[in-house]
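>>> Return a 3D structure for these sequence lines:
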Amino acid sequence: MQIAMLETTVVELPLPKPIGTAIHQMRSVGCVLTRVRTTDGATGEGFAFTLNADRIRAFDEMIRGLAPYVIGEDGRDVERINQAIWSAINPTGHKGVTIAALSAIDTALWDAFGHTTGLPLAKLFGGMRDRVDTYASSGLWLSQSIDELQAEAQQFLDAGFWGMKLRIGSDFADDDIARIRAVREVIGDDVDLYVDANQAFRPKQAIRLGRRMEEFNLAWFEEPVSALDLEGHAEVRAALDTPIASGETEYTHLGMQAMVDARSCDVLMPDLQRVGGLSEFRKAAAAAAARHVDVSSHFFTEYSLCLAGSLSNCVSVEHIDWFAPLFAESVELDGGQLVVPDRPGTGFTFDPAAVNAHRI
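Presented below is the predicted three-dimensional model:
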């Protein structure tokens, strides 16, 4: 199973409408689609992305620049290839673009391995479950009015979701409380409601708001403070009954280990791109499990399902539909949960027509 080829394609997917959080304004996502092909004909795929396609060419250049550490190697030796790349990127650092490139390659290598064996990665990694909890995360943005929030919350209910995430981080706490109350009025008490502050607050602000939010029985309070402030996260966590979720902005299993050691969250949220791919996600989940901390994936709905299907402490997968147009297959929502696919590899393949339509 020698790797014979690594190639990339750059695409841009427009969002249905511009959206905003406390720290981002978004109109599209740019992706570097990454493919590897083996000498026995197996293909593996992965991708890295940037919001609004900002600096997407830098990601493309980094992925292609790492091809010499992949071509000619035994595709089953994923960890050995990873370690070679890890050493090669040392001068440029183990965060940012370098890790995004490692992630895209790592995911593609594992996908190819799955196709070679004919097995789903969830089974290759050691099967745990065939479905996992999820929540709708493609809406309820800070940039929306209360009327828009209530209408969209009803749409998520009608689509079969039993959980959804609301972005907060307004200039005035009363506005955030009003938004939470408005959504809870629509979905009732039995549907899980998650809130994400996108790092909007300082610890004492987050604690004051968190105490006011506790009447709404929230599933979690996500990134209440700066992602760099692990002590602040821990301070908020100690002060509130609502679980704290964080981790999407941290890099590699080493960053995840630091968050676990700081007791900064109740639910660790590795982002497949920032954590460094399927391999690093699994290491991060193991570090969390050792401290009895749950994990929940951030973004990358399609690729995260094989992890959720094999990790005992993975409690949910974020459902975000931004990348769905890229794939020939669709995620399956059943009874408020996502079904872990039983197709080989990750279970998802790029749709050539869609790729061509969005190529830049």
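
>>> Now do the top helix by length along the chain: which elements does it pack against?
Counting residues, the longest helix found in the chain (DSSP state H) is helix 97-117. Judged by 3 or more C-beta pairs under 8 Å, 6 or more residues apart in numbering; DSSP states H and E, helix 97-117 is in contact with strand 3-20, strand 25-38, strand 43-51, helix 56-65, helix 78-88, helix 121-124, helix 272-275, helix 278-290. C-beta coordinates here come from the backbone N, C-alpha and C atoms, glycine included.

>>> That one vs strand 3-20, what angle?
120 degrees (axes from the mean of the first three to the mean of the last three C-alpha atoms, to 10 degrees).

>>> Can I get helix 97-117 in PDB? Just the C-alpha atoms.
Output in PDB follows, covering the C-alpha atoms of helix 97-117 (Å, rounded to 0.1, in the frame of the first residue of the first chain):
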ATOM      1  CA  VAL A  97      -1.200  26.300   9.000                       C
ATOM      2  CA  THR A  98       1.300  23.600   9.600                       C
ATOM      3  CA  ILE A  99      -1.100  21.600  11.800                       C
ATOM      4  CA  ALA A 100      -4.000  22.200   9.400                       C
ATOM      5  CA  ALA A 101      -1.800  20.600   6.600                       C
ATOM      6  CA  LEU A 102      -1.000  17.700   8.800                       C
ATOM      7  CA  SER A 103      -4.700  17.200   9.600                       C
ATOM      8  CA  ALA A 104      -5.700  17.100   6.000                       C
ATOM      9  CA  ILE A 105      -3.000  14.600   5.100                       C
ATOM     10  CA  ASP A 106      -3.600  12.400   8.200                       C
ATOM     11  CA  THR A 107      -7.300  12.200   7.500                       C
ATOM     12  CA  ALA A 108      -6.600  11.300   3.800                       C
ATOM     13  CA  LEU A 109      -4.200   8.600   4.900                       C
ATOM     14  CA  TRP A 110      -6.600   7.000   7.300                       C
ATOM     15  CA  ASP A 111      -9.400   7.200   4.700                       C
ATOM     16  CA  ALA A 112      -7.200   5.400   2.200                       C
ATOM     17  CA  PHE A 113      -6.300   2.700   4.800                       C
ATOM     18  CA  GLY A 114     -10.000   2.100   5.300                       C
ATOM     19  CA  HIS A 115     -10.700   1.800   1.600                       C
ATOM     20  CA  THR A 116      -7.800  -0.700   1.300                       C
ATOM     21  CA  THR A 117      -9.200  -2.900   4.000                       C
END
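
>>> Could you pull up the mean pLDDT of that helix?
Averaging pLDDT along helix 97-117 gives 98.

>>> care to break the protein down by domain?
3-118+352-358, 123-339 (automatic domain parsing).

>>> Let me have those domains in JSON lines, extended by distance to Gly345 and mean neighbour count.
Output for those, formatted as JSON lines (distance: least, C-beta to C-beta, whole Å; neighbours: other C-beta atoms under 10 Å):
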{"stretch": "domain 3-118+352-358", "distance to Gly345": "3", "mean neighbour count": "19"}
{"stretch": "domain 123-339", "distance to Gly345": "8", "mean neighbour count": "20"}
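
>>> any chance of those domains in CSV, with distance to Thr346 too?
Below are these laid out as CSV (distance: least, C-beta to C-beta, whole Å):
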stretch, distance to Thr346
domain 3-118+352-358, 5
domain 123-339, 5
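
>>> isn't there a strand covering Arg184?
No - assessed by DSSP: H, G, I helix; E, B strand; the rest coil, Arg184 does not belong to a strand; its assignment is helix.

>>> any idea how far the spatially closest residue to it that is not a sequence neighbour is from Glu185?
If the residues on either side of it in the chain are set aside, Arg184 comes closest to Phe216, at 5.4 Å by C-beta to C-beta, 6 or more residues apart in numbering. Phe216 sits 10 Å away from Glu185, going by C-beta to C-beta, to the nearest Å.

>>> any idea how far Thr116 is from the residue lying closest to Ala328 once chain neighbours are set aside?
Spatial nearest neighbour of Ala328, excluding adjacent residues (C-beta to C-beta, 6+ apart): Asp351 at 4.3 Å. Remark: distance between Asp351 and Thr116 (C-beta to C-beta) = 22 Å.

>>> Could you do Leu109 as well?
For Leu109, the distance to Thr116 - C-beta to C-beta - is 11 Å.

>>> quick one: common contacting residues for those two?
Gly75 (C-beta atoms under 8 Å, 6 or more residues apart in numbering).

>>> and the longest helix of the chain with helix 78-88, angle?
160 degrees.
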